[in-house]
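1. when you get a sec, could you give me coordinates for this:
(one chain, ligands or ions: 1)
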Amino acid sequence: MTPSLLAHRGPETPAFTGRLGEIYAKMARVVPAMEWPFFAPDVAAITELKRQRNAIVLAHNYQTPEIYHGVADIVGDSLALARAAAKTKAEAILLAGVHFMAETAKLLNPGKTVLIPDPKAGCSLAASITGADVRLLRERYPGVPVVTYVNTSAEVKAESDICCTSGNAVAVVESLGAPKVIFLPDEYLALNVAKQTAVEIVAWKGHCEVHERFTAADIRGFRESHPDVIVLAHPECPPEVIAEADFTGSTAGMSDYVATRRPKRVVLVTECSMSDNLAAEHPEVDFVRPCNLCPHMKRITLAKIRRSLETMRHEVTIEPAVAARARQAVERMLAVGRR
Ligand code: SF4
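-> Numbers count the residues shown, from 1 in each chain. Model (predicted):
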């Protein structure tokens, strides 16, 4: 890099002063100063586009720090984003996350424009099951209610009685008052729920391609190299991983654990960016960083968010008859949270 370019990116430049400087301060622990001048123009443009379009950006916990801390209005897990989508007064919602999250936002805001910056941002769990699969399960288990994880398409939600997230799965299952439920599509989350309730669970064999790769040996390795480490695992991890963890919870649950208990050293057994985003907020905590990236989440970039708000593409649409039934399943879930 030439000296003039280095000088151009120095701390006195616009990227490090005023509002942009304040935004950078939120992520300075995890985004090197050298990289910020590349992100800052997109952050400035997105901030202005949000104002012009009366739009908000909802970002999942697995988004990279320059998105999560730089342009998001609301951050959180699937449940938090669904709740925020249900309440917003903005005219447009941009979902910095994967496609099923944008669909959920659209279900709860049928009259609003919902954008996904890259429509190919999918999910291995959502891809593991179709509406036809759910209908076949209903034939096989007549009268047994279907609980569907929000990580599914609107078509699958439409075939379900109620949705859930990893944060409220046990409460949702028990809310039905049934002795047996079909729980779709994450097999490991289903096993994890089954351990916490007397309700009999019928599972499907869907897996998250990020969490299924963690092993019990990984956890033992973290403990050998960092004997004081506290291990927090996501319930989409295999049961042997959960058995080795100190705490199991959704991304919101992990975030709360770190914020309230302030462990000296922690490892989050989940997607990489979650640790980066929390590390930016908790300088006193040492984060050991195992790294399994979600390729779908990483399709979303600042440049794509900017382009999406400039062009108002890609707009999420759902066939009205499917949307009406899927919406019921999501709204029933949100009602459980309010009880
Ligand atoms: S982390 Fe797993 S569950 Fe989440 S979007 Fe990626 S593949 Fe789907």
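
2. the ligand contacts on the stretch 51-200 of the chain?
-> Val98, Cys123, Ser124, Leu125, Asn151 (C-beta under 6 Å from any ligand atom). Where C-beta positions appear, they are placed from N, C-alpha and C, glycine not excepted.

3. got phi/psi on the spatially most central residue of the chain?
-> Nearest to the mean C-alpha position of the chain, by C-alpha atoms, centre = their mean, lies His60 at 3.9 Å. Torsion angles at His60 (phi, psi; degrees, to the nearest 10) stand at phi -70, psi 160.

4. Ile56 touches Glu91, doesn't it?
-> No. Counting by C-beta atoms under 8 Å, Glu91 is not a contact partner of Ile56; they are 9.3 Å apart.

5. of the two, who's got more company?
-> The residue with more neighbours, out of Ile56 and Glu91, is Ile56; 19 against 13, by other C-beta atoms under 10 Å.

6. now do the helix or strand containing that one: distance to the chain's middle.
-> Applying DSSP states H and E as the criterion places Ile56 in strand 55-60. Relative to its parent chain, strand 55-60 has a centroid offset of 12 Å by C-alpha atoms, centre = their mean, to the nearest Å.

7. could you pull up the residues touching the one residue in the stretch 51-200 of the chain that gets nearest to the ligand?
-> Shortest the stretch 51-200 of the chain-to-the ligand distance, computed as C-beta to the nearest ligand atom: residue-wise this is Cys123, at 3.2 Å. By C-beta atoms under 8 Å, 6 or more residues apart in numbering, the contact list for Cys123 reads Val98, His99, Phe100, Asn151, Cys208, His296.

8. next, count neighbours for the last one.
-> Per other C-beta under 10 Å, the neighbour tally for His296 reads 22.

9. and what of the third one?
-> Phe100 sits with 26 neighbouring residues when counted by other C-beta under 10 Å.

10. name the nearest residue to it, sequence neighbours excluded.
-> Ala126 (4.8 Å; C-beta to C-beta, 6 or more residues apart in numbering).

11. is it true that that neighbour touches Gly97?
-> No. In this structure Ala126 lies outside contact range of Gly97 using C-beta under 8 Å: 11.8 Å.

12. how near is Arg213 to Gln63?
-> Shown here: Arg213 relative to Gln63, a distance of 20 Å by C-beta to C-beta, to the nearest Å.

13. more crowded one of these two?
-> Gln63 (29 against 14).

14. SS state for that one?
-> coil (DSSP: H, G, I helix; E, B strand; the rest coil).

15. what residues are bridge-paired with the residue nearest to it when sequence neighbours are not counted?
-> Of all residues not flanking Gln63 in the chain, Ala96 sits nearest, at 5.0 Å (C-beta to C-beta, 6+ apart). Beta-bridge pairing of Ala96 under DSSP bridges involves Ala59.

16. burial count for Ala96?
-> So Ala96, with other C-beta under 10 Å, has 32 neighbours.

17. now swap in the one 10 residues further on and tell me
-> Neighbouring residues of Lys106 were enumerated by other C-beta under 10 Å; the total is 26.

18. also Thr301?
-> 18.

19. where does the residue nearest to Phe100 land on pLDDT?
-> On the pLDDT scale, Ala126 is placed at 97.

20. neighbours of it, how many?
-> 23.

21. now the strands for the chain?
-> 55-60, 74-76, 92-96, 113-115, 146-149, 162-164, 180-184, 200-203, 230-233, 247-248, 265-269, 286-288 (DSSP state E).

22. select, out of those, the one closest to Gln328.
-> Evaluated over the strands of the chain, closeness to Gln328 peaks at strand 162-164, with 8.6 Å, by C-beta to C-beta.

23. for that closest one, name the packing helices and strands.
-> strand 146-149, helix 169-175, helix 320-338 (3 or more C-beta pairs under 8 Å, 6 or more residues apart in numbering; DSSP states H and E).

24. using a markdown table, please lay out those together with mean pLDDT.
-> Output for those, formatted as a markdown table (pLDDT from 0 to 100):
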| stretch | mean pLDDT |
| --- | --- |
| strand 146-149 | 97 |
| helix 169-175 | 96 |
| helix 320-338 | 91 |
